[in-house]
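Q: Pasting a predicted model and its sequence here:
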Amino acid sequence: MTKLIFKNTYSPLSSEQIVAKEKANMKKKRFEHCVRVSETARKLAKLNGYDEEKAALAGFVHDYAKQVPVEEYRKVIKEQDFDPDLLNWNRAIWHGIVGIFFIERDLKIRDPEILTAVRRHTTGDTKMTTLDKIIFVADFIEPGRDFPGVEEARKVAYASLDEGVGYELQHTLEFLIENKNKVYPRTLEAYNVWGIK
Ligand code: GDP
Ligand code: FE
Ligand code: FE
């Protein structure tokens, strides 16, 4: 198991309290994914000269709200003045964009860099900070992932974070189209920036 004691939690809560809240908010499998994303984010941060502690915390909380009930999401989108178009989407899209509401409320993390990285972790964005890229890519290549192309994704991402983002967006778009899924416009916008050589 990993070092889940974050030197700085960016919150009045202790690292133990954050770990406990996260554990209570999701199934074991999802929790273990979050631990691996945290470890992978730490590695990518080290390689790219970014604050390892901050990356590890952001990676750990990135899917905090993935299993919040759909009805709770719909209520929060309406009551907290989120873009009403979000009501046409689902938890795959909500857990980053709206998920930060629950992270702020429950984990009391208000650091804008961390929240932005969580907000962008599913779709990417036209503009991405180093932390955004680290979390986006770590989520895709963490050691538990097993899909055709994951080895190549790891190779590309460890050689260049930007190319890792591009590879992931291309793969995600291909996957969505293959499965006749709706493409969230921001995913496509991000692909047009990062996915094209
Ligand atoms: P996870 O939370 O660790 O499973 O990973 P992500 O947050 O990256 O992705 C969650 C899900 O959203 C995955 O199944 C993606 O394929 C899906 N996803 C990513 N972009 C889009 C999009 O533009 N539209 C739709 N419908 N799904 C998307
Ligand atoms: Fe996610
Ligand atoms: Fe994830």
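A: On my side now, so go ahead. Ligands and ions are numbered 1, 2, ... in the order given.
Q: hang on, isn't residue 9 packed against residue 57?
A: Yes - distance between residue 9 and residue 57: 6.6 Å, which falls inside the contact criterion (CB atoms under 8 Å). Any C-beta I mention is one placed from the backbone N, CA and C, and that applies to glycine too.
Q: Give me the common contacts of the two.
A: 18, 109 (CB atoms under 8 Å, 6 or more residues apart in numbering).
Q: more neighbours, those two?
A: Neighbours per residue, other CB atoms under 10 Å: of residue 9 and residue 57, the larger number sits with residue 57, 27 against 21.
Q: host element of that one?
A: Using DSSP states H and E, the element containing residue 57 is helix 52-61.
Q: Which strands or helices does that helix pack on?
A: Secondary-structure packing of helix 52-61 (3 or more CB pairs under 8 Å, 6 or more residues apart in numbering; DSSP states H and E): helix 15-24, helix 28-47, helix 112-119, helix 130-141.
Q: what about 7 Å?
A: Where contact means 3 or more CB pairs under 7 Å, 6 or more residues apart in numbering; DSSP states H and E, helix 52-61 is packed against helix 28-47, helix 112-119, helix 130-141.
Q: For these, give me JSON lines that also has mean neighbour count, mean pLDDT and distance to ligand 3.
A: Listed next are these as JSON lines, based on neighbours: other CB atoms under 10 Å; pLDDT from 0 to 100; distance: least, CB to the ion, whole Å:
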{"stretch": "helix 28-47", "mean neighbour count": "20", "mean pLDDT": "98", "distance to ligand 3": "6"}
{"stretch": "helix 112-119", "mean neighbour count": "20", "mean pLDDT": "98", "distance to ligand 3": "10"}
{"stretch": "helix 130-141", "mean neighbour count": "26", "mean pLDDT": "98", "distance to ligand 3": "4"}
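Q: To residue 162, which of these lies closest?
A: helix 130-141 (7.0 Å; CB to CB).
Q: Check whether the closest one comes into contact with ligand 1.
A: Yes - using CB under 6 Å from any ligand atom, helix 130-141 comes into contact with ligand 1 via residue 139.
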